[in-house]
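> here are the coordinates; sequence isn't available:
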């Protein structure tokens, strides 16, 4: 199925589908006197169906609460307003008022009805937002909305915090000769900078899919992509994934085209999730952990997360050290059904452990695999037929240095 | 009650109670050609009641399986044989045979009956044990057993791996004019060195308590001490706490003396647990996290562990940065009943957050607290009356460097 989808990285992203415009400006949210792009809008004049997935953290930032509220109203959506540099989290009742004000100003400035915008913030926790400066940039952005690629890239830029590069991609497919486009932009993994919280991802499409189906497809994609990555295991107060679908392509919506859209949406989410891990703070490696033969999918996920979040496993990757003993230790405390004498482990398909017995003659080959910037670890538990794939980063001295103070 | 207990740190430890002897030697377990003490015995000619608590890791080292087996037989115990440098974990059937052989040789060399010894190993995972060299030192140690303080300290030395110093302490109390002693030795926190696994703790006493009561008191103490510390969140394959009680003091065993013994045992476990955190690999701070007012004890524990194991929280401590936003983020994903607008947080009793509102005017005082090598964080959830205390370390670049390769 994926062969009928054209996929490109490093595109304009959210402005690639028809009918979506964007703009970004600098509000100096961090109060550093710089002109870093930090506030922006994505907009569709056509009303959009929408879907969203939010952090499960019990401490939620004010804009997350607003997004959940707007999504529940199930009304037509016209846009998203975003700032970086301040997460508007743990900011009390003033934070809730600020989030609402930002959303309402974006709606008014774009001439859109009440509760037709989402609002997202990412950055430092616990400081009040500089609303005057943000408001001024929101009004300006609403005047400068454009469908050109530069606007899409400026939007992808304005959402970044500790990220070192923008993260965009675009998938296209044909439905009876009509082109459908899915574009996306995302920002950085985990809690990735001093006081910076949040993974954000925004996907737009000109496919005319309804909200219920869109929500179901998004949930499915997010579980296998954004929820299956880890940098430091810290779940933020602001994590948000939003999709807007405006139907501008005019492509027919039926079982066959929905199947194509599902695959395109998955590819966009998967690519953005991968870019997030690969740009994790001060990381040097992306490791794909494939757990197979687990007794249940929960077991497979528990095992892969225990490994992907173990400090000792992550530091050994950083040191180009296969160290399967640390994998065994981590999977042993993963709260999963385990027979340690049945486990197979391989690095890039080179066996390290077969039925619990090490294969030391392959040691040089494991070291070669682990020394690469990307490698995979396949673990067969031989307890059932469930599997899980997690992408994880290593842990470096740079991470500690980067996060040790404000 | 604690006022009637005399407590001392940096003692001989396991040889302080009457009737316990020890010895240690160098088997060059790591095959590095050095004469590091790495193999030893603790012995009591009088038969002992015994209790043990072991790792909950599903991947267990061979000696842990042997200890569990011996404890279940409920027979009289005469000693413990230990080596460091090799964990005898993930070593297949040969590892099981090696563990059994080591235990049987110690028994035979000391003239003790079958299954009257425990065996413990700590160190690298996945390598077979150098049994010839170990056997030779075990036989020699059995000949050199002594009750002098040097022997107790040599034993405390031989169990170390990445620890920078020995960890011992001794508690004494009087029962109707008869002195009762509880002594202990322990080694290093978590998975604390390249491939080094294990926390081990050994406690001896000349109190004549029975095995069932001893097991119950030990479980109670361990939950509040050894199980309430974290360095890197990695649970090892070899964690073991053992207590031997030989009754040599002749002190009367009744409700009052058991209450004193319970407190003495707790103090010994608490002191050893603290020494383990304080000597965690390349740490610079010990932080006591007190969670109060939680809806349940499980909630209180979940919250304190989420905080104590958060990479972002630990790195901020390292950087002398109070960063209560990261505490809020961590407790938000702790899987506990939470009202973010009801939480109080203080650093060394200086309020940082009251009912979810920050107290920025105290900022300099928080920073002062967090800059000390030891400080406490008190969190009142206002959800109930359950509490939990966890002692955690910070996370440093030194940890990453130390663990990044073999």
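Perfect, thanks for sending it. None of these values were measured; they are calculated from a predicted model.
> C-alpha only now, for contacts and for neighbours.
Fine.
> was I right to think residue A:272 contacts residue A:199?
No - using CA atoms under 8 Å, residue A:272 is not in contact with residue A:199, being 10.6 Å away.
> shared neighbours, the two?
residue A:186 (CA atoms under 8 Å, 6 or more residues apart in numbering or on different chains).
> any regions of chain A where pLDDT drops low?
Applying pLDDT under 70 to chain A flags residues A:1-3, A:189-198, A:233-235, A:405-406.
> one more time with 80, if that's ok
For chain A, residues meeting the criterion pLDDT under 80 lie at A:1-3, A:189-198, A:231-237, A:281, A:405-406.
> longest single strand anywhere in it?
Ranked by residue count and defined by DSSP state E, the top strand of chain A is strand A:39-54.
> adjacent strands (with direction) for that strand?
Paired strands of strand A:39-54, with direction, are strand A:20-25 (antiparallel), strand A:77-86 (antiparallel), strand A:240-245 (antiparallel) (DSSP bridges).
> where do the strands sit along the stretch 151-300 of chain A?
Per DSSP state E, counting those that start in this stretch, the stretch 151-300 of chain A carries strands over the ranges A:167-175, A:178-187, A:196-197, A:200-205, A:229-230, A:240-245, A:286-294.
> out of the ones you listed, which is the most enclosed?
Across these, averaging neighbours per residue (mean count of other CA atoms under 10 Å in any protein chain shown) puts strand A:196-197 on top, at a mean of 30.
> wait, does the strand or helix carrying residue A:105 contact chain B?
Assigned by DSSP states H and E, residue A:105 falls within helix A:92-110. Yes - remark: helix A:92-110 sits within contact range of chain B at residue A:92, by CA under 8 Å from any CA of the partner chain.
> distance between that helix and the chain's centre?
Its chain's C-alpha centre and that of helix A:92-110 lie 24 Å apart, by CA atoms, centre = their mean, to the nearest Å.
> run through who's touching that helix.
A:41, A:62-63, A:66, A:81, A:88-89, A:113-119, A:128-129, A:131, A:134-135, A:138-139, A:142-143, B:341, B:356-357.
> buried ones in it?
Counting neighbours by 16 or more other CA atoms under 10 Å in any protein chain shown, one finds that the buried residues in helix A:92-110 are A:92, A:95-96, A:98-100, A:102-107, A:110.
> quick check: which helices or strands does the next helix or strand after that helix pack against?
Once helix A:92-110 ends, the next helix or strand along the chain (criterion: DSSP H and E) is strand A:117-124. Under the contact definition 3 or more CA pairs under 8 Å, 6 or more residues apart in numbering or on different chains; DSSP states H and E, strand A:117-124 sits against helix A:62-73, strand A:77-86, helix A:92-110, strand A:196-197.
> mind checking how far the second one is from the chain centre?
Going by CA atoms, centre = their mean, the spacing between the C-alpha centre of strand A:77-86 and its chain's C-alpha centre is 15 Å.
> and it with strand A:200-205, angle?
Angle between the axes of strand A:77-86 and strand A:200-205 is 160 degrees (criterion: axes from the mean of the first three to the mean of the last three CA atoms, to 10 degrees).
> mind putting the buried residues of helix A:92-110 into JSON lines with distance to residue B:299?
Output for the buried residues of helix A:92-110, formatted as JSON lines (distance: CA to CA, whole Å):
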{"residue": "A:92", "distance to residue B:299": "24"}
{"residue": "A:95", "distance to residue B:299": "27"}
{"residue": "A:96", "distance to residue B:299": "27"}
{"residue": "A:98", "distance to residue B:299": "32"}
{"residue": "A:99", "distance to residue B:299": "31"}
{"residue": "A:100", "distance to residue B:299": "32"}
{"residue": "A:102", "distance to residue B:299": "36"}
{"residue": "A:103", "distance to residue B:299": "35"}
{"residue": "A:104", "distance to residue B:299": "38"}
{"residue": "A:105", "distance to residue B:299": "40"}
{"residue": "A:106", "distance to residue B:299": "40"}
{"residue": "A:107", "distance to residue B:299": "41"}
{"residue": "A:110", "distance to residue B:299": "46"}
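> farthest pair within those?
Using CA to CA, the buried residues of helix A:92-110 span at most 28.0 Å, a distance reached by A:92 and A:110.
> which bits of the stretch 51-200 of chain A sit near chain B?
Going by CA under 8 Å from any CA, the residues of the stretch 51-200 of chain A near chain B are A:56-60, A:90-92, A:125-126, A:191, A:195.
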